[in-house]
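Participant: Sequence first, predicted coordinates after that:
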Amino acid sequence: MGRFAEVADRLANLKIGNIRYNSPAVQVFLMGFVCFLTPGMFNALSNLGAGGAQDVPLVSATNSFLYAMFCVVGFFSGSIHNLIGSRLTLFIGACGYPIYVGGLWALQVHQVRVFLIISGGVLGACAGLLWTAQGTVMMAYPMEKDKGRAFGIFWAIFSTGAVVGASVALGIQWKEKDMPNVSTGVYLAFLILMLVGVAATQLILPAKYIVRQDGTLVELEDTIPAKAEIRAFFAQFKDWRMLALFPMFFASNYFYAYQGSVVPFIFNGRSRALSSLITNLGAVVGGLFVGFLLDLIPAKRRTRAIIGWTVVFIFVGCVWGGGIHFQRQFQRVDNPEDSWRLDYNEGQASEAYGLLFMYYFTDSLFQGLAYYIMASLSNDPFKLARMTGYYKGVQSAGAAISFGMDAVKTPYLTEHLVSWLLMFCSMPLALLVIRTIKDSNYEDEQTIHVEDVPPEKLHAAIPGGHHAHMEDVEAVSETKSDEERFGRS
C-alpha cells in the first residue's frame, strides 16, 4: 500500500482547472468513494436482511458482538487516529469489511458459524477506526460554510455504494424467485469490491496537506504527542455538550436491528435485494436533502441548525408513527415458514418498500444533524477525531444492545417502539447543544493561513510548499467577490 500513498502524496499539488487534489472537496469525494466500497457494500448486505443469510438469530448475535467491539474501540479510536494519522487509521479500518464477507460466505457454503462471529468482532474493531478517520476528513477539512454539503455529498456517495451493491445482488439472483438466501456469487462480488476499497484508502491525504478554498490550512501536523492526546481525551468528558448529545448518539443506529430483522420476514430472496436497493436510495436522497438544507438556508449557522432540527423532529414523528400502523399487521413467529416471504409484486410489498424508503431517508436526516452539530462545535481535526470516536462508540453501544434484543427474538412492535422513543427523547437535549453553536470558530481556534506560515515550516508539511499554494490563495481572492454575490456565507 506504500506505493498508493506515494502516488497520492505526489498528486497533492495536482491542479486541473480550479480543482486541486489537496482541496477539501476532492478529499471528501475520495472518502465517499472509499466508504462506497467498504461500509457501503456492508450496508447493502445488511439491507438484504440478516446479511443475506436465513439464520437471523445468528446474524443478529454476530452484529451484537460486532457493535460491542465497535463501541469499545470507538471510544478510543479518536486518540488512535491522532497518534498514528488518518491514512493508516483508515487503511486498518477498511480491512475488516472483506473479512466479514468471508464469514458470511463460510456460513452460506460450509455452515461455519464460529468464523462469522469472529469476523463480526474483527469488523467491529476495524469499523471504529474507519469511521473516525471518515468523520475527521468530512468535518475538519471543509470550510465552515460547506460542512452541511460535505455531509450530503459524502453520504450520497457512500449510500450509492449500497445502491450499487444491492443492484449487483438483484441482478445475480433476479431469476431465482423462490430462493430464501442470497447466492454465493453475491458474496464473491462484494468481496472483490471491498478489496478495491481497502487499496483506495491510500488515496486520502493527511490533514497537513490540505489547503481550504480561503487559503487556510487544516493542520500543520498529522499526529499529536501521546501525553497531550491523553490529556485531551479525558478533558472532552468534562464538556457538558458531549453528555447532552449522548442520547442522540445512542439512538442513531438503534433502529437498524429492527429494520434488518423484518425484511427477511416480509420478502423472499430477490425481493430482499430490491428492498436493499430502495432503502439505500432513500439514504442517498435524505443525505443530499439535509446536507444542502443546512448550508443553503440564508440565516446564521445556529438558526440553520434549529431549522434542521425542526425538520428532523417532524420526519421522525411522522415516519415512525406511520410505521406503527404497518407493524401491527404482523408479529414475530418461531417458524420461518410462517413468515410472509412476499415477492416484490405481491400483497403488501409495495407498502413495505415505501415505508423502508422513508425509514432510511429519515435516518440520513437524523445522522446528518448529528454530524452538523459536531462540525459546528470545532474546526480542529484532533478534537473532531475525538468527537467522532465518542459518537461512534456511543452509537455502537446502542446498536449492540439493539441487536442483542433482536437475537433473543424480542417482539417486532417492542423493537419499533423502543427505537422511536429513544430518538424522540434525544431531540430536546440536542436542541440545547444547538443553542450554543457560534456563527464561526475561526477566531477562537486561531485558524492558520498559508501566508502566515514560515516557508521552511510550510515546505515540511505540504509538498510544493509556500509558492505552490500562494497561487491558490491568489486565485481564491480573485473569485471571492463572486461568492459574495451569490450570497454564500
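Facilitator: It's in.

Participant: Mark out where each domain of the chain begins and ends.
Facilitator: 2-207+239-438, 441-469 (automatic domain parsing).

Participant: Give me whichever of those is most buried.
Facilitator: domain 2-207+239-438 (a mean of 21; mean count of other CB atoms under 10 Å). (Each C-beta comes from the backbone N, C-alpha and C, glycine too.)

Participant: Ala5: which element?
Facilitator: Using DSSP states H and E, Ala5 maps to helix 2-10.

Participant: Quick one: mean pLDDT over that helix.
Facilitator: Mean per-residue pLDDT for helix 2-10: 69.

Participant: Following the chain onward from that helix, which element is next?
Facilitator: strand 15-16.

Participant: Give me the sheet partners of that next one and which way each runs.
Facilitator: strand 19-20 (antiparallel) (DSSP bridges).

Participant: what does the partner strand contact?
Facilitator: 13-14, 25-26, 211, 472 (CB atoms under 8 Å, 6 or more residues apart in numbering).

Participant: Reformat those as a markdown table; add distance to Phe255.
Facilitator: A markdown table is the format used below for the contacts of strand 19-20 (distance: CB to CB, whole Å):
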| residue | distance to Phe255 |
| --- | --- |
| Asn13 | 44 |
| Leu14 | 42 |
| Ala25 | 31 |
| Val26 | 33 |
| Val211 | 39 |
| Asp472 | 43 |
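
Participant: Now for those residues: which two are most distant?
Facilitator: Asn13 and Ala25 (15.9 Å; CB to CB).

Participant: Stretch 374-394: how far from the chain's middle?
Facilitator: Taking CA atoms, centre = their mean, to the nearest Å, the mean C-alpha location of stretch 374-394 is offset from the chain mean by 13 Å.

Participant: Kindly provide the whole-number mean pLDDT of that stretch.
Facilitator: 95.

Participant: again with stretch 111-120
Facilitator: Mean predicted lDDT for stretch 111-120 stands at 86.

Participant: Only alpha carbons, please: show it as CSV.
Facilitator: Only the C-alpha atoms of stretch 111-120 are listed here, as CSV (Å, rounded to 0.1, in the frame of the first residue of the first chain):
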residue,chain,number,x,y,z
GLN,A,111,-22.2,-23.7,7.7
VAL,A,112,-19.2,-22.4,9.7
ARG,A,113,-20.9,-20.4,12.5
VAL,A,114,-17.9,-19.6,14.7
PHE,A,115,-15.9,-17.8,11.9
LEU,A,116,-18.9,-15.5,11.3
ILE,A,117,-19.0,-14.4,14.9
ILE,A,118,-15.2,-13.9,15.0
SER,A,119,-15.3,-11.9,11.7
GLY,A,120,-18.0,-9.7,13.2
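
Participant: change the start of the numbering to 562 and stick with it
Facilitator: In the new count, where the first residue is 562, that last one comes out as stretch 672-681.

Participant: What are the contacting residues of that stretch?
Facilitator: 619-620, 622-624, 626-627, 630, 660-661, 663-665, 667-668.

Participant: 6 Å - rerun?
Facilitator: With CB atoms under 6 Å, 6 or more residues apart in numbering as the test, stretch 672-681 has contacts from 623, 626-627, 660-661, 664, 667-668.

Participant: Next: stretch 722-733.
Facilitator: Against stretch 722-733 from outside (CB under 6 Å, 6+ apart): 597, 601-602, 604-605, 743-744, 746-747, 750, 834-835, 837-838, 841-842.

Participant: now stretch 637-655
Facilitator: Outside stretch 637-655, the residues that reach it (CB under 6 Å, 6+ apart) are 599, 687, 689-691, 693-694, 758-759, 762, 765, 767, 783-785, 790, 794, 943, 946-947, 950.

Participant: sorry, back to before: now the contacts of stretch 672-681 in JSON lines, with distance to Phe828 and secondary structure?
Facilitator: Putting those into JSON lines (distance: CB to CB, whole Å; DSSP: H, G, I helix; E, B strand; the rest coil) gives the following:
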{"residue": "Thr623", "distance to Phe828": "21", "secondary structure": "helix"}
{"residue": "Phe626", "distance to Phe828": "26", "secondary structure": "helix"}
{"residue": "Leu627", "distance to Phe828": "23", "secondary structure": "helix"}
{"residue": "Ile660", "distance to Phe828": "27", "secondary structure": "helix"}
{"residue": "Tyr661", "distance to Phe828": "22", "secondary structure": "helix"}
{"residue": "Gly664", "distance to Phe828": "23", "secondary structure": "helix"}
{"residue": "Ala667", "distance to Phe828": "24", "secondary structure": "helix"}
{"residue": "Leu668", "distance to Phe828": "20", "secondary structure": "helix"}
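
Participant: Between those residues, which sits nearest Phe891?
Facilitator: The closest of those, once distances to Phe891 are taken by CB to CB, is Thr623, at 24.6 Å.

Participant: so what's Ile867 up against?
Facilitator: With CB under 6 Å, 6+ apart, Ile867 has these contacts: Ile995.

Participant: again with Ala958
Facilitator: By CB under 6 Å, 6+ apart, the neighbours of Ala958 are Cys632.

Participant: any idea which element Thr873 lies in?
Facilitator: You called it Thr, but residue 873 is Val. Short version, using DSSP H and E: Val873 is in helix 862-888.

Participant: Report all helices and strands that the helix or strand just after that helix contacts.
Facilitator: Remark: after helix 862-888, the chain's next helix or strand is helix 910-938, criterion DSSP H and E. Applying 3 or more CB pairs under 6 Å, 6 or more residues apart in numbering; DSSP states H and E, we find helix 910-938 packed against helix 708-734, helix 830-857, helix 862-888.

Participant: what inclination does the second one have with respect to helix 862-888?
Facilitator: Just to be clear, that refers to helix 830-857. 160 degrees (axes from the mean of the first three to the mean of the last three CA atoms, to 10 degrees).

Participant: Kindly report the same for the first one.
Facilitator: The directions of helix 708-734 and helix 862-888 differ by 30 degrees, with the same axes, to 10 degrees as the criterion.

Participant: circling back to that earlier point, I'd like the helices and strands packed on helix 910-938 as CSV, with mean pLDDT and distance to Asp570 appended.
Facilitator: Below are the helices and strands packed on helix 910-938 laid out as CSV (pLDDT from 0 to 100; distance: least, CB to CB, whole Å):
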stretch, mean pLDDT, distance to Asp570
helix 708-734, 88, 22
helix 830-857, 91, 29
helix 862-888, 96, 34
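
Participant: now the ones you listed as JSON lines including distance to Leu917?
Facilitator: Shown next, in JSON lines, are these (distance: least, CB to CB, whole Å):
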{"stretch": "helix 708-734", "distance to Leu917": "12"}
{"stretch": "helix 830-857", "distance to Leu917": "5"}
{"stretch": "helix 862-888", "distance to Leu917": "9"}
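
Participant: And the residue nearest to Ile885 when sequence neighbours are not counted, which helix or strand is it part of?
Facilitator: Spatial nearest neighbour of Ile885, chain neighbours left out: His977 (6.7 Å); criterion: CB to CB, 6 or more residues apart in numbering. When elements are assigned from DSSP H and E, His977 belongs to helix 973-995.
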